[in-house]
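[1] Predicted structure and sequence below. I'll ask about it afterward.
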Amino acid sequence: MITVYYKENCGQCKVVKRFLDTKGIEYKAEFVGQQDYGKIREKFGVEALPVTEFPDGFVTGANMGEITKHLKSNNLI
């Protein structure tokens with residue numbers, strides 16, 4: 001399962017979710033509130049959202065090239 005960790009009013013977060021929706025990819029959208037940033041930093045070692053988590057890794061930001069690579073390596077497209 002793919003999980004997109006996102007925050008409110010995040011343009012890049014919206015772009016990633018729209019991209020996955022357009023491709024017909026099923027994913028879980030996980031809202032990250034202020035109190036949850038520590039968990040994201042600890043889990044992924046990053047400071048910014050979105051984080052798109054795949055079974056074989058994760059991608060930060062709206063990096064469609066990297067997201068597409070993970071989709072292909074997980075046989076999702």
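    Structure's in. What do you need?
[2] Mind giving me the packing neighbours of the lowest-mean-pLDDT helix or strand in the chain?
    One helix or strand of the chain scores below all others by mean pLDDT, DSSP states H and E: helix 37-44, with a mean of 91. With contacts taken as 3 or more Cβ pairs under 8 Å, 6 or more residues apart in numbering; DSSP states H and E, helix 37-44 sits against strand 51-54. The way it works is simple: take the backbone N, C-alpha and C, and place the C-beta from them, glycine included.
[3] Parallel or antiparallel, which strands does the strand it packs on pair with?
    Here strand 51-54 has these sheet partners by DSSP bridges: strand 2-6 (antiparallel), strand 57-60 (antiparallel).
[4] Need the winner for burial among those.
    Comparing the strands paired with strand 51-54 on average neighbours per residue, with mean count of other Cβ atoms under 10 Å, the densest one is strand 2-6 at a mean of 20.
[5] thinking again about what came up before, what does the least confident helix or strand of the chain contact?
    5, 32, 46-47, 49, 51, 53, 58, 60 (Cβ atoms under 8 Å, 6 or more residues apart in numbering).
[6] just the residues you listed now: which is nearest K69?
    F58 (12.0 Å; Cβ to Cβ).
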